[in-house]
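Undergrad: Need a 3D model of the following:
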Amino acid sequence: MKVRTALVGINGYAGVHLQHLKKLEKDGLIEMTAAVILPHERTPENTEWLRSAGCGIYDSLDDMFRQSPAKPELVCLPVGIPSHEPLTVCCLANGANVLLEKPAAGSLEAVDNMRRAEAESGGCFVAVGFQHVYSREIQQIKRILLSEQLGKLESVSVMGIWPRTRIYYSRNGWAGKIKTPSGAIVLDSPINNAFAHYLNVPLFLAGNAFEKSAHPVELEGQLYRARTDIEYFDTCGLQAKTADGISLRACFSHASDVTVHPLLTLKCRDGIIRIDFGNSRWNISGKDGSVQKDEPMTSLHADMFLDVVRKVSDRSVFTCSLDIAREHTFCIEWLYRNCVQKDLSPTSVEYRKDTEQAVIPDLPRIFREYFENSGPLILETGNVK
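TA: All right, here's what the predicted structure looks like:
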């Protein structure tokens with residue numbers, strides 16, 4: 001049976017959802033029954049395929065559930081962080097399963113409200129769109145770690161730099177902010193948005209069961225703001241230890257004009273696993289440094305959409321649950337509540353006038369040294385935020 005599916009949104013990342021949903025419908029796995037698109041966002045071009053597929057188009061989620069003749073079994077929510085909790089709760093209350101965009105939410109309270117609504121829904125599920133968790137290669141790596149083929153996992157390190165200009169921070173009303181004007185907590189930062197995947201993956205891989213992420217019991221963090229036109233930090237370091245004694249180090253930034261795609265290293269007693277997300281490859285090396293395995297990583301999104309659709313009829317299919325995603329949010333909220341954000345010294349930040357990019361000079365080298373060693377991420381600061 002085809003899964004009756006609805007999509008909320010049409011622009012931005014919703015376009016990625018739409019492309020994958022088109023393929024799933026072509027393959028006979030889903031039936032697009034409804035879409036929620038605000039009137040001012042509709043154009044003949046972006047609604048043509050939906051209408052040709054017989055898909056009803058509605059102004060709001062409430063209108064869709066009230067008016068749609070075919071009740072959706074699955075609703076895809078590629079929406080902004082402030083909308084995650086209310087729209088997910090609405091879908092669950094109407095008996096629909098949810099594919100929710102990452103991160104799960106901006107606060108533990110919001111995540112727990114969704115978990116409660118899921119438990120009270122009568123059997124519906126929420127799958128969070130941390131697509132790397134659905135990757136067959138990431139899942140293979142987790143099974144290797146759980147089997148202790150390389151001995152016990154001892155430490156995980158991850159780093160990444162993606163430049164982001166003023167345009168990125170002006171794309172909506174909550175980018176780079178702690179709260180929306182209405183008071184909804186978003187804690188928007190590199191580690192809770194663009195790089196959210198790359199904190200979630202280490203937590204997932206360090207979990208002591210396949211369906212679990214690791215829970216940090218010790219945490220330290222350094223939050224830095226290079227840009228003066230945003231509220232929250234754009235560069236950070238994180239050090240943690242899990243309940244199983246695994247050390248975790250992470251550093252991420254948008255304040256550079258050099259791109260360093262995420263790199264992840266998992267050090268075990270008898271070997272090392274490295275994941276190069278920029279080149280979509282992963283490898284295993286022994287204690288002597290010899291490479292024992294070197295393989296590509298395949299499509300992440302395709303695996304995610306296929307698994308979520310399959311789960312509608314088979315609850316045994318693994319997806320990224322709210323419980324898994326909650327550990328990521330736990331770290332995000334802990335940083336907010338316990339770490340003092342610091343502004344970088346004006347003399348330690350350069351601005352590119354042509355792109356309006358804030359640049360911390362020599363940041364790739366600083367990150368690599370942090371990535372390979374111990375201790376906090378130390379940058380030159382001015383006034384404490």
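Undergrad: After the top helix by length along the chain, which helix or strand is next?
TA: Longest helix of the chain, by residue count under DSSP state H: helix 322-338. Next along the chain after helix 322-338, taking DSSP states H and E as the criterion, comes strand 341-344.
Undergrad: And whichever helix or strand comes after that following strand, what does it pack against?
TA: Using DSSP H and E, the helix or strand that follows strand 341-344 in sequence is strand 350-352. In terms of contact count using 3 or more CB pairs under 8 Å, 6 or more residues apart in numbering; DSSP states H and E, strand 350-352 is assigned the packing partners strand 357-359. Every residue, glycine included, has its C-beta placed from N, CA and C.
Undergrad: partner strands of the strand it packs on, parallel or antiparallel?
TA: strand 350-352 (antiparallel) (DSSP bridges).
Undergrad: List the contacts of the residue nearest to Lys179 when sequence neighbours are not counted.
TA: In space, Lys179 comes closest to Ile185 once its chain neighbours are excluded; the distance is 5.5 Å by CB to CB, 6 or more residues apart in numbering. By CB atoms under 8 Å, 6 or more residues apart in numbering, Ile185 lies in contact with Gly106, Ser107, Glu109, Ala110, Ile178, Lys179.
Undergrad: contacting residues for the second one?
TA: Contacts for Ser107 (CB under 8 Å, 6+ apart) come out as Ile185, Leu187, Thr329, Glu333.
Undergrad: Next, find the distance separating the third one from Gly289.
TA: Okay, so that is Thr329. Distance of Thr329 to Gly289, given as CB to CB, to the nearest Å: 37 Å.
Undergrad: How about the last one?
TA: In this structure, Glu333 and Gly289 are 39 Å apart, going by CB to CB.
Undergrad: Settle it for me: which of those two has more neighbours?
TA: Glu333 (20 against 8; other CB atoms under 10 Å).
Undergrad: Break down the stretch 201-350 of the chain into its helices, ranges please.
TA: Applying DSSP state H, counting those that start in this stretch to the stretch 201-350 of the chain gives helices spanning 300-313, 322-338.
Undergrad: Same question for the stretch 1-150 of the chain.
TA: Using DSSP H, counting those that start in this stretch, helices in the stretch 1-150 of the chain cover 14-26, 44-52, 61-67, 84-93, 108-119, 136-147.
Undergrad: And for Phe210, the neighbour number?
TA: When neighbours are defined as other CB under 10 Å, Phe210 has 12 of them.
Undergrad: Quick check, pLDDT for it.
TA: What the model reports as pLDDT for Phe210 is 98.
Undergrad: now do Arg42
TA: 88.
Undergrad: Could you measure from the residue located most distally from the centre of the chain over to Met114?
TA: Distance to the chain centre peaks in the chain at Asp288, reaching 34.2 Å (criterion: CA atoms, centre = their mean). Going from Asp288 to Met114 by CB to CB gives 47 Å.
Undergrad: Ok, Leu145 next?
TA: Counting by CB to CB, the gap from Leu145 to Met114 is 28 Å.
Undergrad: which of the two has more neighbours?
TA: Met114 (27 against 23).
Undergrad: Would you confirm that the more buried one contacts Ala104?
TA: Yes - at 7.0 Å, Met114 and Ala104 qualify as touching, with contact defined as CB atoms under 8 Å.
Undergrad: Next up, phi/psi of the residue nearest to Leu146 when sequence neighbours are not counted, please.
TA: Nearest non-adjacent residue to Leu146, counting by CB to CB, 6+ apart: Phe210, 6.5 Å away. The phi/psi pair for Phe210 (degrees, to the nearest 10) reads phi -60, psi -40.
Undergrad: give the contact list for Phe210.
TA: Phe210 neighbours (CB under 8 Å, 6+ apart): Gln139, Lys142, Arg143, Leu146, Phe318.
Undergrad: before we move on, what about Lys26?
TA: Contacts of Lys26 (CB under 8 Å, 6+ apart): none.
Undergrad: Could you measure from it over to Trp49?
TA: As judged by CB to CB, Lys26 and Trp49 stand 11 Å apart.
Undergrad: What of Ala302?
TA: Distance, Ala302 to Trp49, using CB to CB: 19 Å.
Undergrad: Let me know whether Val349 touches Ala255 as I believe.
TA: Yes - using CB under 8 Å, Val349 makes contact with Ala255 at a distance of 7.1 Å.
Undergrad: Now list whatever residues contact both of those two.
TA: With contacts taken as CB under 8 Å, 6+ apart, Val349 and Ala255 have Ala226, Ala358, Val359, Ile360 as neighbours in common.
Undergrad: Which of the residues you listed sits closest to Gly151?
TA: Closest approach between those and Gly151, by CB to CB: Ile360, at 36.8 Å.
Undergrad: Near the nearest residue to the closest one once chain neighbours are set aside, how many other residues are there?
TA: Of all residues not flanking Ile360 in the chain, Ala255 sits nearest, at 4.8 Å (CB to CB, 6+ apart). Ala255: 24 surrounding residues under other CB under 10 Å.
Undergrad: just checking, Ala255 touches Ala358?
TA: Yes - contact criterion CB under 8 Å: Ala255 and Ala358 qualify, at 4.6 Å.
Undergrad: sorry, back to before: and the residue nearest to Ile360, what does it touch?
TA: Contact analysis of Ala255 by CB under 8 Å, 6+ apart lists Pro163, Tyr224, Ala226, Arg227, Asp234, Thr235, Leu344, Val349, Ala358, Val359, Ile360, Leu363.
Undergrad: how about 7 Å then?
TA: By CB atoms under 7 Å, 6 or more residues apart in numbering, the contact set of Ala255 is Ala226, Arg227, Asp234, Thr235, Ala358, Val359, Ile360, Leu363.
Undergrad: Now it: phi and psi?
TA: phi -100, psi 70.
Undergrad: From Gly221, how far out is it?
TA: Using CB to CB, we find Ala255 at a distance of 16 Å from Gly221.
Undergrad: swap in Leu187?
TA: Going from Leu187 to Gly221 by CB to CB gives 12 Å.
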